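> No letters, just coordinates:
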């Protein structure tokens with residue numbers, strides 16, 4: 001199930017960050033390896049879709065993070081013509 005949230009923080013040195021769920025609750029940790037576009041550096045307040053998994057100790061962790069795209073970006077190459 002895909003959840004949505006905004007990046008709270010990201011440390012490029014550590015390759016780790018936190019995302020705050022849109023539905024509320026505690027911010028979830030994630031690692032650079034959890035990003036679908038690892039070349040993209042997440043910035044505070046960017047909205048991402050993500051999934052969760054339980055890590056050792058039973059704490060939730062965000063995985064498979066994917067930055068939300070505007071419709072113009074996701075529709076590139078499929079312009080409608082009359």
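Happy to help now that I have it. All figures in this text were calculated on a predicted structure; none of them were measured in a lab.
> CA atoms for contacts and neighbours, from now on please.
Noted.
> Residue 67 pairs with what?
Applying DSSP bridges to residue 67 gives these bridge partners: residue 48.
> wouldn't it be in contact with residue 41 here?
No - counting by C-alpha atoms under 8 Å, residue 67 sits too far from residue 41 to count as a contact (10.2 Å).
> more neighbours, these two?
Legend: neighbour count by other C-alpha atoms under 10 Å for residue 67 and residue 41, higher for residue 67 (20 against 12).
> list the contacts for the more buried one?
46-49 (C-alpha atoms under 8 Å, 6 or more residues apart in numbering).
> which parts of stretch 28-37 are buried?
Neighbour-count burial for stretch 28-37 flags 28-32, 34-35 (criterion: 16 or more other C-alpha atoms under 10 Å).
> Identify, from the residues you listed, the entry nearest to residue 13.
residue 32 (10.4 Å; C-alpha to C-alpha).
> Spit out the contact partners of the closest one.
15-16, 38.
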